[in-house]
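# Predicted model and sequence follow; I will ask about them next.
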Amino acid sequence: MSSAADPQLWAEIRRLEERLSELRGRVVGIAEREQLAPGDLPLLLFRVGGEQAAIAQRHVLEVVMMCKLTPLPEAPAWIPGVLNCRGQSVLVVDVLARLGRAARRPALSDLIVVCEVQGRRVGLIVQEILGVETVAAAAVQAPSQGLDQAPYLLGVLQSGTRTVLLVSVKALIATSSLPDGAP
């Protein structure tokens, strides 16, 4: 094998890991969608890009101001780095990039929503917190059939002219490209 092939092989491995990550997210998203319990669903609403989105409030630990992140070598583009939060490393996810939108450089006005899922802490970069709202689980509409490419989407809430995307934190962080011991 020539040394010129090595970068190509590594690039192919990276593409395959990203594809595997996407497929894992789909599986987790589908499983979580099927487990939406009847009753009330407390949500944290936020703005990411030009869209309104929400996550289950039960995952949220705190919201912190954007600060300097420590980059991780060879991390996917949707992971800008880790945050030192009270002496604990917290992996930070660029929600826009993870949802397949163009990544953007975090702004000082951005916020990081620190969540805990399956014993793992993760920070989600959002542009604005819109509030906390409790909705009936029955009000969550399943994603359209054509949205198989949106594995992180649990459902959609319609309220008047407002559309809110209900996002699965578990599916956002389901990835094979992070070591098991990653923060």
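Alright, I've got the coordinates.

# okay but residue 49 is in contact with residue 94, surely?
No. Counting by CB atoms under 8 Å, residue 49 sits too far from residue 94 to count as a contact (10.6 Å). To be clear about C-beta, it is placed using only N, CA and C from the backbone, and glycine gets the same treatment.

# between those two, who's got more neighbours?
residue 94 (23 against 14; other CB atoms under 10 Å).

# After the helix or strand of the chain with the lowest mean pLDDT, which helix or strand is next? Please name it.
Here the helix or strand of the chain ranked lowest by mean pLDDT, DSSP states H and E is helix 5-34, holding a mean of 64. Sequence-wise, the next helix or strand downstream of helix 5-34 (DSSP states H and E) is strand 40-48.

# What average pLDDT does that following strand get?
For strand 40-48, the mean per-residue pLDDT is 92.

# OK, contacts around residue 118?
residue 170 (CB atoms under 8 Å, 6 or more residues apart in numbering).

# Would you list the phi and psi of it?
In terms of degrees, to the nearest 10, the main-chain angles of residue 118 are phi 50, psi 40.

# For the remainder of this discussion, apply numbering that starts at 817.
Okay, residue one is now 817; in that scheme the one you just asked about reads as residue 934.

# how much space between it and residue 904?
Separation of residue 934 from residue 904 (CB to CB, to the nearest Å) stands at 16 Å.

# hey, what's residue 972 bridged with?
Going by DSSP bridges, residue 972 is paired in beta bridges with residue 957, residue 981.

# pretty sure it contacts residue 979?
Yes. Applying CB under 8 Å, one finds residue 972 in contact with residue 979, separated by 6.2 Å.

# which one of these two has more residues nearby?
Remark: of residue 972 and residue 979, residue 972 carries more neighbours, 16 against 13, as counted by other CB under 10 Å.

# Can you give me the pLDDT of that one?
For residue 972, the predicted pLDDT is 88.

# if I look at it, how far off is residue 867?
In terms of CB to CB, residue 972 sits 11 Å off from residue 867.

# Tell me the residues that contact both of the two, please.
979, 981.

# Specify which residues of the chain, grouped into ranges, have pLDDT under the cut-off.
817-821, 835-854, 961-966, 991-999 (pLDDT under 70).

# hmm, 90 instead?
Across the chain, the ranges flagged by pLDDT under 90 are 817-857, 865-867, 889-894, 901-904, 911-924, 933-936, 950-979, 984-999.

# And the residue nearest the centre of it?
Centroid-nearest residue in the chain, with CA atoms, centre = their mean: residue 988, separated by 3.4 Å.
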